[in-house]
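Student: my questions concern the predicted model and sequence given below.
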Amino acid sequence: MIAQVKFAPDVHLDTRKLSLSQFFWYNRRMEIEKTNRMNALFEFYATLLTEKQMNYVELYYADDYSLAEIAEEYKISRQAVYDNIKRTEKVLETYETKLHMYSDYIVREQIFADLLAKYAEDTYLVEQITILQSLENE
């Protein structure tokens, strides 16, 4: 079973009908979801990136640096940082499309949660699931 976990805006939401404050909060939510997804993909695929890609993405998404701050630190243009981050986002999404490590992790965690809820009284099963979960998080 392969699950695709993909960042996507709400399909049925017509943003043209939102008030300004609703539109602001909708966009903010989308930004937060994208940041969370990029951080998760980075955790799974960081070792497949170049050192420069790792540095820029970590500073931008994990450490919340602005493009200007990264550009200043590396003595390059803001546009160069932006281009590198956008290319790296595509690379991370490509890795996920091909390898499914993040989406498979999400599915496994949901299965573990369902099993723990359904068989909470089975101490052996709970112990084994806990061991599996600890292996997942190492």
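Tutor: Sure thing, it's come through. Residues are numbered from 1 along each chain as shown.

Student: can you give the domain ranges for the chain?
Tutor: Using automatic domain parsing, the domain ranges for the chain come out as 19-99, 100-138.

Student: now the end-to-end length of the shortest one.
Tutor: End-to-end distance for domain 100-138, by Cα to Cα, to the nearest Å: 18 Å.

Student: now do the same for it: mean pLDDT, whole number.
Tutor: The average pLDDT within domain 100-138 is 91.

Student: renumber starting at 42 from here on
Tutor: OK, 42 is where the count begins now, so the last one is domain 141-179.

Student: per-residue pLDDT, the spatially most central residue of the chain?
Tutor: Among the residues of the chain, the one closest to the centroid is residue 78, at 1.8 Å (Cα atoms, centre = their mean). Residue 78 is assigned 95 on the pLDDT scale.

Student: can you tell me the element it falls in?
Tutor: Per DSSP states H and E, residue 78 falls inside helix 61-86.

Student: residues in contact with the next helix-or-strand element following that helix?
Tutor: Where DSSP H and E defines the elements, the next helix or strand beyond helix 61-86 is helix 92-98. The contact list for helix 92-98 (Cβ atoms under 8 Å, 6 or more residues apart in numbering) reads 79, 83, 87, 90, 111, 115, 122, 125-126, 128-130, 132-133. Placement of C-beta: from N, CA and C, glycine included.

Student: okay, buried residues for helix 92-98 please.
Tutor: By neighbour count with 16 or more other Cβ atoms under 10 Å, helix 92-98 contains the buried residues 94-95, 97-98.

Student: ok, stretch 151-164 next?
Tutor: So, applying 16+ other Cβ under 10 Å, buried residues of stretch 151-164: residue 156.

Student: pull it out as PDB, backbone CA atoms only.
Tutor: C-alpha atoms of stretch 151-164 as PDB (Å, rounded to 0.1, in the frame of the first residue of the first chain):
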ATOM      1  CA  GLN A 151      -1.400   5.700  11.500                       C
ATOM      2  CA  ILE A 152      -1.500   1.800  11.500                       C
ATOM      3  CA  PHE A 153       0.400   1.800  14.800                       C
ATOM      4  CA  ALA A 154      -2.000   4.200  16.300                       C
ATOM      5  CA  ASP A 155      -5.000   2.200  15.100                       C
ATOM      6  CA  LEU A 156      -3.600  -1.000  16.500                       C
ATOM      7  CA  LEU A 157      -2.800   0.600  19.800                       C
ATOM      8  CA  ALA A 158      -6.300   1.900  20.100                       C
ATOM      9  CA  LYS A 159      -8.000  -1.300  19.100                       C
ATOM     10  CA  TYR A 160      -5.700  -3.700  21.100                       C
ATOM     11  CA  ALA A 161      -4.800  -1.500  24.100                       C
ATOM     12  CA  GLU A 162      -5.300  -4.400  26.500                       C
ATOM     13  CA  ASP A 163      -2.900  -6.800  24.700                       C
ATOM     14  CA  THR A 164       0.300  -5.900  26.500                       C
END
